[in-house]
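Enquirer: Just to be clear, the model below is a prediction. Sequence and coordinates:
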Amino acid sequence: MRKKSNIFFIFIFVLITSCNRLPKDDLFKEYLYIKTHNDLENTTINENIQKDVSLVLKNHKVPYGVVIVSDVRDGRILAIEEYSRRGYDVGKYINKPLQAASIFKIVTFFASLSSNLYNSRDTIKYYDRMYSELGNYLKRRQSTKVYSKTTIKEAMAFSNNSAFAEISLKLKKDKIIESAKRLFFTGEKIRGIKTGFIELPEDSSSLIKLASGLEHSYMSPLHALLIIMTVGNDGKLVLPYINKNDSKKSLNVMKNFIANEIMKSLSLTTRIGTAKKHFSKRPEISSRTYAKTGSLYANDPDGYYNWFVGIYDGDKSRYGIVVLTVNDPKWSVKANYIAFKTIEFIKKYEEN
């Protein structure tokens with residue numbers, strides 16, 4: 001009887017101690033651990049960046065916001081924080097596939113490069129407004145001789161829906177689907193990260209909306225990190241980690257020249273494009289930041305989604321930054337501003 005009792009207490013002891021130990025090789029569980037235990041020992045987290053990012057989110061009382069910072073060269077997570085004025089549970093949305101919005105344009109351009117169709121300097125004609133929701137694009141394209149021109153790099157900077165609709169119509173549908181799978185839109189888990197998915201396009205109308213990011217694509221903030229870390233590290237994803245004892249692994253996702261061409265396509269966003277307003281104050285930051293933004297109204301969490309997914313090319317390393325804010329009709333703060341402040345913190349605490 002005593003032997004059984006001892007075995008029981010040993011089991012309870014092991015269970016308790018395992019619950020109080022930093023998880024390994026599972027980024028989401030590692031994040032939940034540091035948030036619930038407030039324990040950063042043996043982690044890669046830069047406490048100063050983490051603290052200042054948290055303050056910015058709280059000070060702006062964002063309905064929901066998340067910031068993730070990583071070193072794309074070695075995979076270290078330097079900061080990872082959520083805040084919700086609405087009181088959402090920790091971890092509820094950081095690992096849940098949400099509307100990807102215009103971030104999916106990166107996938108479309110990846111498909112274009114893989115098909116030898118367009119590079120970032122090429123010019124393309126399009127047949128509607130930049131920010132058209134594309135409901136009548138196919139009819140307009142057939143019936144009008146009026147068109148505009150843009151380079152792919154400018155189309156990315158201004159998130160030109162019509163230009164990306166045009167790219168998709170010149171691609172094979174299967175190429176976009178294949179490129180989405182290569183960038184982890186598979187619904188599988190990678191080191192505890194839930195990857196997103198796409199709704200397969202049934203016709204040209206749904207295809208152009210997928211390609212431009214208006215509909216049909218879903219990713220979590222952690223999934224977005226995998227995408228930008230791949231692009232920022234020459235096509236090789238070093239799997240992100242928080243626990244210093246995690247196994248160090250990497251995946252070859254795309255060819256070096258394709259990743260570099262995608263980087264070039266992201267180079268104007270903070271200089272002349274959708275993130276110019278906040279980044280124009282510091283040319284030394286905007287000139288070294290490569291980014292894609294995206295915004296739309298979506299549900300669960302309800303509100304206006306504002307994405308920033310980018311790379312800061314520092315002196316010591318390259319850093320991946322993912323920011324998502326979900327705002328009420330009365331805006332709290334844009335992701336672009338949070339991203340800009342985050343890069344200032346990187347320069348202050350990681351680069352010095």
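Expert: Structure's in. What do you need?
Enquirer: got the contact list for the closest residue to residue 130 other than its chain neighbours?
Expert: Among residues not flanking residue 130 along the chain, residue 160 sits closest, at 4.5 Å (CB to CB, 6 or more residues apart in numbering). Where C-beta positions appear, they are placed from N, C-alpha and C, glycine not excepted. For residue 160, the contact set (CB atoms under 8 Å, 6 or more residues apart in numbering) comprises 126, 130-131, 150, 154.
Enquirer: now do residue 40
Expert: Residues in contact with residue 40 (CB under 8 Å, 6+ apart) are 34, 47, 50.
Enquirer: In those, which residue is surrounded by the most others?
Expert: Using other CB atoms under 10 Å as the neighbour test, the contacts of residue 40 are led by residue 50, with 22 neighbours.
Enquirer: in stretch 55-72, what counts as buried?
Expert: 56-57, 60, 62-72 (16 or more other CB atoms under 10 Å).
Enquirer: mind saving the C-alpha coords of it as PDB?
Expert: Extracted C-alpha coordinates of stretch 55-72, given in PDB (Å, rounded to 0.1, in the frame of the first residue of the first chain):
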ATOM      1  CA  LEU A  55       3.900  49.800 -22.800                       C
ATOM      2  CA  VAL A  56       3.100  51.100 -26.300                       C
ATOM      3  CA  LEU A  57       0.300  48.700 -26.700                       C
ATOM      4  CA  LYS A  58      -1.200  49.400 -23.300                       C
ATOM      5  CA  ASN A  59      -0.800  53.200 -23.600                       C
ATOM      6  CA  HIS A  60      -2.800  53.200 -26.900                       C
ATOM      7  CA  LYS A  61      -5.500  51.000 -25.300                       C
ATOM      8  CA  VAL A  62      -5.800  49.000 -28.500                       C
ATOM      9  CA  PRO A  63      -8.800  46.700 -28.600                       C
ATOM     10  CA  TYR A  64      -6.500  43.900 -29.600                       C
ATOM     11  CA  GLY A  65      -2.800  44.000 -30.600                       C
ATOM     12  CA  VAL A  66       0.100  41.700 -31.000                       C
ATOM     13  CA  VAL A  67       3.800  42.400 -31.700                       C
ATOM     14  CA  ILE A  68       6.400  39.800 -32.500                       C
ATOM     15  CA  VAL A  69      10.100  40.500 -33.100                       C
ATOM     16  CA  SER A  70      12.700  37.900 -34.100                       C
ATOM     17  CA  ASP A  71      16.300  37.700 -35.400                       C
ATOM     18  CA  VAL A  72      15.800  36.100 -38.800                       C
END
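Enquirer: can you give me the helices for the stretch 51-200 of the chain?
Expert: Counting by DSSP state H, counting those that start in this stretch, one finds helices in the stretch 51-200 of the chain at the ranges 105-114, 137-143, 152-157, 161-169, 173-182.
Enquirer: Would you mind checking which of the buried residues of stretch 55-72 is nearest to residue 120?
Expert: residue 72 (19.7 Å; CB to CB).
Enquirer: if we can go back for a sec, identify, from the buried residues of stretch 55-72, the entry nearest to residue 168.
Expert: For the buried residues of stretch 55-72, the nearest to residue 168 is residue 72 (27.8 Å; CB to CB).
Enquirer: hmm, back to that, what's the spacing between the residue nearest to residue 130 and residue 153?
Expert: 11 Å (CB to CB, to the nearest Å).
Enquirer: again with residue 135
Expert: For residue 135, the distance to residue 153 - CB to CB - is 27 Å.
Enquirer: Which of the two has more residues huddled nearby?
Expert: Neighbours per residue (other CB under 10 Å) separate residue 135 from residue 153, with residue 153 holding more: 22 against 12.
Enquirer: Contact partners for residue 61?
Expert: Contacts of residue 61 (CB under 8 Å, 6+ apart): 85, 332.
Enquirer: just the one 4 residues further on next, same as before
Expert: Contacts here follow CB under 8 Å, 6+ apart; on that basis residue 65 touches 57, 82-84, 323-326, 333, 338.
Enquirer: again, but for residue 200
Expert: Per CB under 8 Å, 6+ apart, neighbours of residue 200: residue 177.
Enquirer: tell me which element residue 262 is part of?
Expert: Following DSSP states H and E, one finds residue 262 within helix 256-265.
Enquirer: Send me that helix as CSV with only the CA atoms.
Expert: Extracted in CSV, the C-alpha atoms of helix 256-265 (Å, rounded to 0.1, in the frame of the first residue of the first chain):
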residue,chain,number,x,y,z
ASN,A,256,18.0,32.9,-52.7
PHE,A,257,17.4,35.2,-55.8
ILE,A,258,13.6,34.9,-55.3
ALA,A,259,13.7,35.9,-51.7
ASN,A,260,16.0,38.9,-52.6
GLU,A,261,13.6,39.9,-55.3
ILE,A,262,10.7,39.9,-52.9
MET,A,263,12.8,42.0,-50.5
LYS,A,264,13.3,44.5,-53.3
SER,A,265,9.5,44.6,-53.9
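Enquirer: hmm, who's touching it?
Expert: 106, 109-110, 113-114, 119-121, 152-153, 156, 230-235, 290, 311.
Enquirer: one more time with 6 Å
Expert: 109, 113, 119-120, 152-153, 156, 231, 234-235, 290 (CB atoms under 6 Å, 6 or more residues apart in numbering).
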